[in-house]
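**Student:** With the input below, show me the fold.
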Amino acid sequence: MKKLLFILSLLVMALPMTADDNPDDYKVTCTLADGTVITGYSTTRFTNYMIPQVYEMKISDTYKGEARTYTSEEVKRVVFTSTLNDSLPVIFESVKAQKKLPNLFNKNPKPYKRPVFLRLIYEGKNVNGYAMPTTDHTMTPSITVVNYTWRYYYLKKGDEIAKAYWLDASGITPGMKTVMKFYFKEFPKLVEMVEKEEITGKQFLQNPAMVLPLMDASYVPEKE
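**Tutor:** Predicted structure coming up:
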């Protein structure tokens, strides 16, 4: 899957589900923390996991059979097998990840207390990319508006914590070039591309996952 996997935001529109259940939509292959691989059926379709901070999944040996709960500490990877031929296979991995997007006042946010299941959107040699649905609240004196959006992560080879690098926005933010260079600071080549406008704010907003293969190609892991 070493290729760019298109932006996940379109999937938010695809949450309505068909009337008829297909057992294949629930079939999964799970890699446990000890390396054991098991097959079974999830108790819900993958779209039901498109909520923030999923820490466990229920898997049964048979379709709609008695299920066992597996935590994010027990399971490392979940693959919905019916999607393997799709352009964006449905794969979740248990990952330690930052709770918030870094900023100038908090450049290294703390991770969630437990690993969280993130949607794998790019798998490379040096960098993996993930996304997690989240909520953004806009509060006024009379109403609170809850917007569903995506937070994007990258995980460098050898790192233990996935770093958040973007929260979907509705438009160009002030000082977009500076903002992008801040989030790409671990990748000097990307910073240079932003400075030269080889990567523009508009391009990045349209597809925040576009930078993941560039991160992968330009990053040189530290020698052990």
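**Student:** This protein: helices as residue ranges?
**Tutor:** Ranges of helices in the chain, per DSSP state H, are 9-13, 176-183, 188-195, 201-206, 212-218.
**Student:** so which of those comes closest to Pro115?
**Tutor:** Among the helices of the chain, helix 212-218 comes nearest to Pro115, with 20.3 Å by CB to CB. (Glycine included, C-beta is placed from N, CA and C.)
**Student:** avg pLDDT for the closest one?
**Tutor:** Averaged over helix 212-218, pLDDT sits at 96.
**Student:** Give me the contact list for it.
**Tutor:** Helix 212-218 is contacted from outside by 3-4, 121-122, 124-127, 129, 154, 184, 187-190, 193, 199, using CB atoms under 8 Å, 6 or more residues apart in numbering.
**Student:** just checking, which of the helices of the chain sits deepest inside the structure?
**Tutor:** Highest mean neighbour count of the helices of the chain: helix 212-218, a mean of 19 (counted as mean count of other CB atoms under 10 Å).
**Student:** about what we covered before: can you flag the buried ones in the contacts of helix 212-218?
**Tutor:** Buried subset of the contacts of helix 212-218 (neighbour count, 16 or more other CB atoms under 10 Å): 4, 121-122, 124, 126-127, 129, 154, 184, 187, 190, 193, 199.
**Student:** Among the residues you listed, which lie within strands?
**Tutor:** Ile121, Tyr122, Val127, Gly129, Tyr154 (DSSP state E).
**Student:** Now do the same for the last one: its pLDDT.
**Tutor:** This means Tyr154. 98.
**Student:** Am I right that it is in contact with Ile161?
**Tutor:** No - in this structure, Tyr154 is not within contact of Ile161 by CB atoms under 8 Å, at 10.7 Å.
**Student:** Now for this structure, the helix or strand with the poorest mean pLDDT.
**Tutor:** Within the chain, no helix or strand scores below helix 9-13, which has a mean of 39 by mean pLDDT, DSSP states H and E.
**Student:** Of all the helices of the chain, which one comes closest to Asp34?
**Tutor:** Of all the helices of the chain, helix 212-218 comes closest under CB to CB, at 27.8 Å.
**Student:** Contacts only, for the spatially most central residue of the chain.
**Tutor:** Closest to where the C-alpha atoms of the chain average out (CA atoms, centre = their mean) is Ala131, at 1.7 Å. For Ala131, the contact set (CB under 8 Å, 6+ apart) comprises Leu8, Leu118, Arg119, Ile121, Trp150, Arg151, Tyr152, Tyr153, Ala209.
**Student:** Name the nearest of these relative to Val179.
**Tutor:** Nearest to Val179 out of these is Tyr152 (CB to CB; 13.5 Å).
**Student:** beta partners of the closest one?
**Tutor:** Ala131, Trp166 (DSSP bridges).
**Student:** Looks like it contacts Tyr165 (just checking).
**Tutor:** Yes - judged on CB under 8 Å, Tyr152 makes contact with Tyr165 at a distance of 5.6 Å.
**Student:** Which residues are in contact with each of these two?
**Tutor:** Residues touching both Tyr152 and Tyr165 by CB under 8 Å, 6+ apart: Pro208.
**Student:** average pLDDT for stretch 116-124?
**Tutor:** Across stretch 116-124, the average pLDDT comes to 95.
**Student:** Need the ones in strands among the buried ones among the contacts of helix 212-218 in a markdown table (columns: distance to Glu66).
**Tutor:** Compiled in a markdown table, those are given as follows (distance: CB to CB, whole Å):
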| residue | distance to Glu66 |
| --- | --- |
| Ile121 | 32 |
| Tyr122 | 36 |
| Val127 | 39 |
| Gly129 | 35 |
| Tyr154 | 38 |
